[in-house]
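[1] Here is my input, please return the structure:
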Amino acid sequence: MAPARALVCLAAATALVVPSAWGTAAARADSTTPVEDTQPAWATPANQAGAEANAAKVVFSVWLGWRNAHALEDVLAAQRDPASSSYRDWLTPREFRDRFAPSPDRVRVVSAWLRDQGFDILSVPANGLAVTATGSVAQVEKAFEVNESLYRLDGHLVPGPDADPQIPRALAGDVRAITGLDGAMALAQPRSTKPAPPPPVGTSVGPCSHYWGEHTSGSYPNPVAPGRPLPWLICGYTPGQIASAYGIDALHTAGYDGSGQTIAITGAFFSPTIRTDVNEFSKRQGLPKLDGRSYREVVAPGTIRFPHDPAVTQDWYIEQSLDVEWAHAIAPEANIVYVGAANDGRGLDVALNHAVDNRLANVISNSWGMPETYASTGEIKALDAVFTQARAQGIAILFSSGDYGDNLQEFGKLSAGFPDSSPLVTSVGGTSLGIGSSGQRLFETGWGTGQLTWGGTSWLGGAPSGDFLYGGGGGVSRVYARPAYQDGVVPAGYGMIKGQAQRVEPDVALVADPQTGVVFTQSWSTPGGGTVVKDSWIGGTSLATPIMAGIVTLADQAAGRPHGFLNDDLYRVRGQAFRDIVPSDGRLAVLRNALNSQGTITTWLRTLDHDSSLGVAAGWDDVTGLGSPWAPALVTALR
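    Numbering: from 1, shown residues only. Okay, the predicted model is just below:
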């Protein structure tokens, strides 16, 4: 796949001749053109596993393009130029639509053709960027002249077209991408390392520590630091401890608490217990209650009709609780709006467009993604168009970088993540964080977990640092060229593919290691059919991202204006506002107990700073990016 430009505007043509009728099938065969790059790279005959059922429902979106693409590029450049009178003069949604949205006539023409093919139109956003429709597989195959087949992808059977879809030539100037004909977005997953369901009430699998080194054990040999007692993992840092370690408490003391600000969070599904969970979390952690004004949920239009996969709902429920609770912990007086694809990850692009087009917040936190190799070029074009509108409107978009390092072990192929690899978003990576008894930051290193299992007399596994388990995502994009803000910062020679400098991630990093994770509150089903609300601990770059979103929200409040797209400024102030994460001495490890399926305890040794092929280094690196923010300095530097 050729590198894409950092700015993808999906520019629409300026004229359209519409035939009075779409004609016969024979006539259409001579007057159609493909929507290129819609067929995913993984939809190959070698991966094919049979045909999709003709009656199965498909929900897809036809994406149009922004008008006046060159003028839009000029606007974006002026907004980032301190010498321009338009510096940080963000457009309102109405101003953006008036100047750059596809014309209503063009949207009507595309919608009319889809209706003529028998599809139901589910939604058209105010910006006219996409027409979301639904129909059967048989209708899709007839209208777009493709075969919808099932393909094997990472152990899943995923639908996809066997060719690029065909559309009438009369629409070629309007249609820039079609998404949803393949099912890869259904594989977009929350980027939190899920806690095991809590043990039965009254049962403990401890010990664990409330601060680094509170509890240690000399009963097990220490393979990474012989003779040194091994600490037990953290039970879950509290908001107060995290605020102290990153200097957020100083901002709270200065009166910056998120008042007058809003954080949007995108996800899929809606947890039925979210209000109970977040308010119990708030009560236990001394935070203000979220009520009907300060917390609301929005169902992205059209997503209620996406196919429903009940098997993944619990993961998204956990994700929603984590994101809302920890955005609230960092910016406790900010409003939070959760924008959901109603019942499937395939609507995440529509949900994100809804949040941007309606400017539901100045900061949007996204804790989901997939390997870049899964995403079709059409999906990449579609979301980059959404990110472009966000940039023009002064909205900061943050994405977690993933929890499986370079993705090779988990997904079978070395890959950066998506959408986090887009140069139009801020990619948030992960660290392991040691906090002392007084809330002080003892150490911070890259999140990469190795595991050894206690065999009764010795540790089993790859000694001495263990077998790679999980870690902060990062690496080199094969889609995007290197953005200017990374020039001169990324080490020379890193991220080169065939002589071309590529976008690399992450940009920043914060605590994500579940061994040094945080407390969160979640409702769980009990064996007797009831529900119990319990504290547990959790990690993942899904944690780092809402923390960073909260800090940016405090920065917006302090500045009295939204900062918008962050990366230009983050790379500019890196020496003032970030603490560089450097390699540890390789001697950091924790003990962890867990109940196994036989009801007995398994003891693990979890080592720190042991990521896949990625590694921490002085300066920018592919685990922690620029490093972790020192919040007061970042807020000051961004003013």
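
[2] quick check, V131 in a strand?
    Yes - assessed with DSSP: H, G, I helix; E, B strand; the rest coil, V131 lies in a strand.

[3] per-residue confidence for it?
    In this model, V131 is scored at 97, pLDDT.

[4] now the one 4 residues further on
    G135 is assigned a predicted lDDT (pLDDT) of 95.

[5] try K289
    Taking K289 on its own, its pLDDT is 96.

[6] now G550
    At G550, pLDDT is 98.

[7] Count the residues that sit near it.
    Per other C-beta atoms under 10 Å, the neighbour tally for G550 reads 30. C-betas here are computed from N, CA, C, even on glycine.

[8] That one sits in which helix or strand?
    Assessed by DSSP states H and E, G550 sits inside helix 541-559.

[9] Now that helix: buried residues?
    541-558 (16 or more other C-beta atoms under 10 Å).

[10] do the same with stretch 51-65
    For stretch 51-65, the neighbour count (16+ other C-beta under 10 Å) marks E52, V58, V59, F60, S61, V62, W63, L64, G65 as buried.

[11] Beyond the helix holding G550, next helix or strand please.
    Of the helices and strands lying after helix 541-559 in sequence (DSSP H and E), the nearest is helix 567-572.

[12] so what does the next helix or strand after that following helix touch, helix or strand wise?
    Once helix 567-572 ends, the next helix or strand along the chain (criterion: DSSP H and E) is helix 574-577. Of the remaining helices and strands, those touching helix 574-577 by 3 or more C-beta pairs under 8 Å, 6 or more residues apart in numbering; DSSP states H and E are helix 631-638.

[13] relative orientation of the helix it packs on and helix 541-559 in degrees?
    50 degrees (axes from the mean of the first three to the mean of the last three C-alpha atoms, to 10 degrees).

[14] what's helix 631-638 packed up against?
    Helix 631-638 is packed against helix 248-253, helix 541-559, helix 574-577, with contacts defined by 3+ C-beta pairs under 8 Å, 6+ apart.

[15] Of those helices, give the one that comes closest to E73.
    With distances scored as C-beta to C-beta, the stretch of the helices and strands packed on helix 631-638 nearest to E73 is helix 541-559 (24.8 Å).

[16] what helices or strands is the closest one leaning on?
    Packing partners of helix 541-559 (3+ C-beta pairs under 8 Å, 6+ apart): helix 248-253, strand 262-268, helix 313-330, strand 363-366, strand 396-400, strand 426-435, strand 508-511, helix 631-638.

[17] Export the ones you listed as a markdown table, with columns for mean neighbour count.
    Shown next, in a markdown table, are these (neighbours: other C-beta atoms under 10 Å):
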| stretch | mean neighbour count |
| --- | --- |
| helix 248-253 | 19 |
| strand 262-268 | 27 |
| helix 313-330 | 25 |
| strand 363-366 | 28 |
| strand 396-400 | 28 |
| strand 426-435 | 30 |
| strand 508-511 | 29 |
| helix 631-638 | 21 |
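
[18] closest to A188 out of those?
    The nearest among the helices and strands packed on helix 541-559, by C-beta to C-beta, is strand 262-268 at 8.0 Å.

[19] The next helix or strand after the closest one to helix 313-330, inter-axis angle?
    Toward the C-terminus, strand 262-268 is succeeded by helix 274-285 as the next helix or strand (DSSP H and E). Orientation check (the same axes, to 10 degrees): helix 274-285 against helix 313-330 gives 40 degrees.

[20] Okay, buried residues for helix 274-285 please.
    I274, R275, T276, D277, V278, N279, E280, F281, S282, Q285.

[21] ditto for stretch 442-462
    Applying 16+ other C-beta under 10 Å to stretch 442-462 flags 443-452, 454, 459, 461 as buried.

[22] same thing with stretch 460-471?
    Applying 16+ other C-beta under 10 Å to stretch 460-471 flags G461, P464, S465, G466, D467, F468, L469, Y470, G471 as buried.

[23] which residues are contacting that stretch?
    193, 223-224, 403-405, 409-410, 430, 446-454, 459, 586, 605-607, 610-612, 614, 623 (C-beta atoms under 8 Å, 6 or more residues apart in numbering).

[24] What about those residues, which are in strands?
    430, 446, 448-454, 459, 605-607 (DSSP state E).

[25] Which of those residues sits closest to D291?
    Among those, G430 lies closest to D291 (C-beta to C-beta), at 32.0 Å.

[26] The closest residue to that closest one other than its chain neighbours: neighbouring residues, count only.
    Spatial nearest neighbour of G430, excluding adjacent residues (C-beta to C-beta, 6 or more residues apart in numbering): A512 at 2.7 Å. For A512, the neighbour count with other C-beta under 10 Å is 35.

[27] What distance do you get for A512 to S367?
    A512 sits 11 Å away from S367, going by C-beta to C-beta, to the nearest Å.

[28] okay, and the common contacts of the two?
    Shared contacts of A512 and S367, defined by C-beta under 8 Å, 6+ apart, are found at G540, T541, S542.

[29] Which residues are in contact with the closest residue to the first one other than its chain neighbours?
    When you say that, I think you mean G540. Once flanking residues are discounted, G540 sits nearest to S192: 3.7 Å by C-beta to C-beta, 6+ apart. When contacts are counted by C-beta under 8 Å, 6+ apart, S192 touches I318, E319, L322, S367, D403, I538, G539, G540, S542, L543.

[30] per-residue pLDDT, S192?
    pLDDT, S192: 83.

[31] roughly how far apart are it and G218?
    Taken as C-beta to C-beta, the span from S192 to G218 is 33 Å.

[32] Please apply the same query to F96.
    Distance of F96 to G218, computed by C-beta to C-beta: 63 Å.
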